[in-house]
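# quick one: sequence and predicted model below, then my questions.
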Amino acid sequence: MTTILDSYSEKDTEAIAEDLARKSAPSDVFALVGDLGVGKTAFAKGFARGLDIDEPIVSPTFTIVQIYEGGKMPLYHFDVYRLGDESEMDEIGYEDCFYGEGVSLVEWADTVRSVMPQKTVWITVEKDLTRGTDYRRITIDNDEDYRD
Ligand SMILES: Nc1ncnc2c1ncn2[C@@H]1O[C@H](COP(=O)(O)OP(=O)(O)O)[C@@H](O)[C@H]1O
Ligand SMILES: [Mg+2]
């Protein structure tokens, strides 16, 4: 199923992400796809709020994965932009996250497509300058058996 949502501000994007996080369950995997500066980390901030995480979300670009445990379940926040090779995902122990007690959110997941499970919910964030500089189209593609 595909859902298209309109965001007109960073706050809108955070609210969309927050709502999605509230409906999420352990071992859910969310892939975030979109150009640099489009709002993937902004999405992650709202998502963390939806899990009742109070800690500030920092971009895990250099650490690849950042784990937040203070909420109702752990958040595994990946940013795989600087990953040299998909095989490095094994070293990071991604499987413990994707099939673990928490929810995974993976920025730049399209660059490690081969390790992303079937169950992944793909979220694409895109600009459309004809609708304003702050407009973002957020497209959510769920696996058919994903809960509504
Ligand atoms: N509708 C919007 N949704 C998300 N971010 C927006 C929006 N409009 C403007 N922005 C700005 O775009 C930037 C997104 O940055 P960031 O989330 O770090 O992007 P990414 O992680 O995709 O590289 C922020 O400066 C944010 O304020
Ligand atoms: Mg980012």
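Perfect, I can see it now. Residues are numbered from 1 along each chain as shown. Ligands and ions are numbered 1, 2, ... in the order given.
# for the closest residue to ligand 1 within the chain, grab the count of nearby residues.
Among the residues of the chain, G39 lies closest to ligand 1, at 2.8 Å counting by CB to the nearest ligand atom. C-beta coordinates here come from the backbone N, C-alpha and C atoms, glycine included. Around G39 there are 25 other residues, counting by other CB atoms under 10 Å.
# need phi/psi at it.
Backbone torsions for G39, taken as degrees, to the nearest 10, come to phi 130, psi 20.
# so it touches R136, yeah?
Yes - applying CB atoms under 8 Å, one finds G39 in contact with R136, separated by 5.5 Å.
# any shared contact partners between the two?
Common contact partners of G39 and R136 (CB atoms under 8 Å, 6 or more residues apart in numbering): S7, T13, V125.
# and the second one, that's in a strand?
Pointing back at T13 there. No - when the secondary structure is assigned by DSSP: H, G, I helix; E, B strand; the rest coil, T13 falls in helix instead of a strand.
# contacting residues around it?
Counted by CB under 8 Å, 6+ apart, T13 has contacts S7, G39, A42, F43, G46, V125, R136, I138.
# so which of those are in strands?
Residues from the contacts of T13 lying in strands, with DSSP state E as the criterion: S7, V125, R136, I138.
# and the furthest pair within the residues you listed?
Within the ones in strands among the contacts of T13, two members stand farthest from each other by CB to CB: S7 and V125, at 8.1 Å.
# what's in contact with stretch 130-142?
For stretch 130-142, using CB under 8 Å, 6+ apart, the contacting residues are 1-10, 12-13, 16, 20, 38-39, 43, 121-129.
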